[in-house]
Structures are given as C-alpha cells and as structure tokens.
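A.B. asks: task: produce atomic coordinates for the following.
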Amino acid sequence: MESFTPLTAALGGALIGLATAVLWLGNGRIAGISGIFGQLLPPAQTVVWRLVFLVALVVATFVAAGKLPAMREGGDVLAKLVDAPAGWGVPTPVWIAIAGLLTGIGTKVGNGCTSGHGVCGLARLSLRSLVAVLVFFGVAIVTVAVTGVV
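C.D. replies: Predicted coordinates for the structure are as follows:
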C-alpha cells in the first residue's frame with residue numbers, strides 16, 4: 001500500500017455520498033450504476049437523466065485523474081490498469097473483458113451493484129444490501145488470494 005492517500009480517499013467518498021444524495025433527493029432514484037446503465041437498452045422513458053448521470057460520472061473521473069496529483073503515480077504519470085497475472089497466459093484486454101462480464105453477471109444475479117448496495121443500500125440500513133456487500137467483499141478477498149493481483 002505504497003500509494004495510500006487518505007485525504008483524496010475521504011474527498012472521493014464525500015463526493016460519492018453527495019452525488020448519491022443529490023440523485024436520491026432530486027430525482028427519487030438510487031444511484032445504482034448497473035441499474036442506471038441497464039435501463040438504457042432498451043431505452044426506458046427516463047433516458048435523459050440516466051445519460052447525463054453516466055456521462056458526468058465518466059467526465060468527472062477523467063477530470064479528477066488529470067487534475068489531482070495525488071492520483072498519479074510518481075506525481076506526473078497517470079495511473080494505469082493492473083496487468084493480468086503473468087502466469088495465467090491471458091492477455092490484459094481479455095482479462096479485463098472477462099472481469100467486466102463477470103461483474104455484469106454478478107450485478108444481475110445480485111439485483112444491484114456495489115454502488116447501489118454498498119453506498120445507497122447500506123445508508124438506508126437494508127439487510128439485503130448488507131448481505132450483498134458481505135458477499136462482494138468475501139469474493140474480492142478470495143479473488144485476490146487466488147490471483148495474487150492487488
């Protein structure tokens with residue numbers, strides 16, 4: 001954990017909490033990214049706010065990565081994605097695609113994602129969300145133990 005940055009982590013957490021509160025109070029919707037994205041195809045009647053929210057999410061990520069030096073490796077190089085484990089013989093793009101596919105399947109089976117259950121569900125004291133988050137963390141721990149990728 002040579003890149004532990006509690007200040008930027010706290011700032012990021014506060015901004016995530018603020019964004020979810022604004023969406024919930026302003027639109028009456030939970031900020032579950034898989035649900036927001038999943039309703040784009042086929043288009044729901046409420047496409048505009050979903051697109052605005054998702055575009056703002058991506059743009060804000062790029063702005064933060066470009067403007068906050070603490071989020072960079074060595075202060076001047078943007079962080080990059082983790083490479084696939086060398087011993088597995090799987091190219092990194094394939095590794096990322098498989099991870100994304102498994103994440104998508106998991107969000108469908110779990111009826112939500114980490115943002116919906118972990119941020120919004122726990123804030124609403126949902127027992128179902130607590131169970132989901134415990135499963136998320138358990139699987140993450142096992143995945144790191146098996147792959148050795150941190």
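A.B. asks: what's the spacing between residue 16 and residue 123?
C.D. replies: Look at residue 16 and residue 123: by CB to CB, to the nearest Å, they are 11 Å apart. For every residue, glycine as well, the C-beta is placed using N, CA and C.
A.B. asks: so where do the helices sit in the chain?
C.D. replies: For the chain, the helices defined by DSSP state H cover 6-27, 33-38, 47-67, 92-109, 122-123, 127-147.
A.B. asks: what's the most buried one of these?
C.D. replies: helix 33-38 (a mean of 18; mean count of other CB atoms under 10 Å).
A.B. asks: distance from that one to the middle of the chain?
C.D. replies: Relative to the centre of its chain, helix 33-38 is centred 11 Å away, using CA atoms, centre = their mean, to the nearest Å.
A.B. asks: show the average pLDDT along that helix.
C.D. replies: The pLDDT scores in helix 33-38 average 82.
A.B. asks: so which of the helices of the chain comes closest to residue 82?
C.D. replies: Proximity to residue 82 (CB to CB) singles out helix 92-109 among the helices of the chain, at 8.3 Å.
A.B. asks: who are the packing partners of the closest one?
C.D. replies: helix 33-38 (3 or more CB pairs under 8 Å, 6 or more residues apart in numbering; DSSP states H and E).
A.B. asks: on contacts alone, who are the packing partners of the helix it packs on?
C.D. replies: Helix 33-38 packs on helix 47-67, helix 92-109, going by 3+ CB pairs under 8 Å, 6+ apart.
A.B. asks: sorry, back to before: let's have the helices of the chain in TSV, adding distance to residue 84.
C.D. replies: Converted to TSV, the helices of the chain look like this (distance: least, CB to CB, whole Å):
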stretch	distance to residue 84
helix 6-27	26
helix 33-38	24
helix 47-67	22
helix 92-109	4
helix 122-123	31
helix 127-147	9
